[in-house]
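S.K.: here is my input; please provide its structure:
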Amino acid sequence: MTAFKPADGGPRSPGTTRIAAFFDLDKTIIAKSSSLAFSRPFFDQGLINRRSVLKSSYAQFMFLLSAADHDQVERMRKHVTAMCTGWDVEQVSSIVHETLHDIVDPLVFAEAADLIAGHKARGHDVVIVSASGTEIVEPIGEMLGADYSMASRMKVVDGKYAGEVEFYCYGDEKVVAMNEIATSIGYDLTKCFAYSDSITDLPMLRAVGHPTVINPDRALRKEASAQGWPMLSFTKPISLRSRLPAATPVTVTASAAVGLGAMIAGALTYTALHRRRR
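M.R.: Residues are numbered from 1 along each chain as shown. This next block holds a predicted model:
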């Protein structure tokens, strides 16, 4: 069984059929690998050494330059898993929460924020689905105003990471998580939306009725062209704090879909995308 968590911490009850927009995280919503982006604060707190910082920086550089194919993702997974073995879970969570806005806030694509706001304006749930660890994905989901987040989970023993992955939210396993939440919440996946940049998320895109590719790698661009799927290019990382009123992370977009300006921009982005599908 996978696990999903309301990003706002509140319970949700099944009801009539609902619609969700499923978003990959890295290079779809934010411009970097979410896991590797925290290398510097982890170094500052003594969790990793300078060599690990350099390795993470190199991995991030390669991630940005090349398509995130299966082998590359596996290498990154092994690197991150090995790096954090023995870390204290509470310390990691504390570092992520303390540095979240400084590290991630400037990396969010403005176009992604608009698209999320557009879905929220229409009453759609927003679900983040990422191969990164839950300790990182859930706070980012809260910051973005997502309703739920689904992510990879490391095995924890005595409050420390044991170096094993309990659930790897990647490839076909993303669809397993999506089906689980759809059954629980009442989503009709044929009416839902999905967004990703990578060919490794092809199962996720095929699982919904409205797939869209964002900054696609070469293989996904070819597949999207063959399927007639919409393709969008996100190029403008922008600080959320520069466009949103002051708020707690939980209420960044929950209040009036992150403010009137974001609501209008999101509605326009969503409408343009919807018309493109006709």
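S.K.: now the helix or strand where Glu135 lies: average pLDDT?
M.R.: If you go by DSSP states H and E, Glu135 is part of helix 134-144. The average of the pLDDT scores along helix 134-144 is 86.
S.K.: Ala31 contacts Leu107, doesn't it?
M.R.: Yes: at 4.8 Å, Ala31 counts as touching Leu107 under the criterion of C-beta atoms under 8 Å. For every residue, glycine as well, the C-beta is placed using N, CA and C.
S.K.: who touches both of those two?
M.R.: Shared contacts of Ala31 and Leu107 (C-beta atoms under 8 Å, 6 or more residues apart in numbering): Pro237.
S.K.: that older thread, run the angle between the helix or strand just after the helix holding Glu135 and helix 134-144 for me.
M.R.: Going down the chain from helix 134-144, the next helix or strand is strand 148-157, by DSSP H and E. Angle of strand 148-157 versus helix 134-144, following axes from the mean of the first three to the mean of the last three C-alpha atoms, to 10 degrees, is 160 degrees.
S.K.: name the helices or strands packed onto strand 148-157?
M.R.: Applying 3 or more C-beta pairs under 8 Å, 6 or more residues apart in numbering; DSSP states H and E, one finds that strand 148-157 makes contact with strand 5-6, strand 125-133, helix 134-144, strand 160-167, helix 172-185.
S.K.: show me where pLDDT drops low in the stretch 101-250 of the chain?
M.R.: 103, 240-250 (pLDDT under 70).
S.K.: can you rerun that using 50?
M.R.: In the predicted model, the stretch 101-250 of the chain carries pLDDT under 50 at residues 244-250.
S.K.: which stretches of the stretch 1-150 of the chain form helices?
M.R.: Taking DSSP state H, counting those that start in this stretch as the test, the helices found in the stretch 1-150 of the chain are 39-44, 50-65, 70-84, 89-103, 110-121, 134-144.
S.K.: now do the stretch 151-278 of the chain
M.R.: Using DSSP H, counting those that start in this stretch, helices in the stretch 151-278 of the chain cover 172-185, 202-206, 218-227, 259-277.
S.K.: give the buried residues for the first one.
M.R.: For helix 172-185, the neighbour count (16 or more other C-beta atoms under 10 Å) marks Glu173, Lys174, Val175, Val176, Ala177, Met178, Ile181, Ala182, Ile185 as buried.
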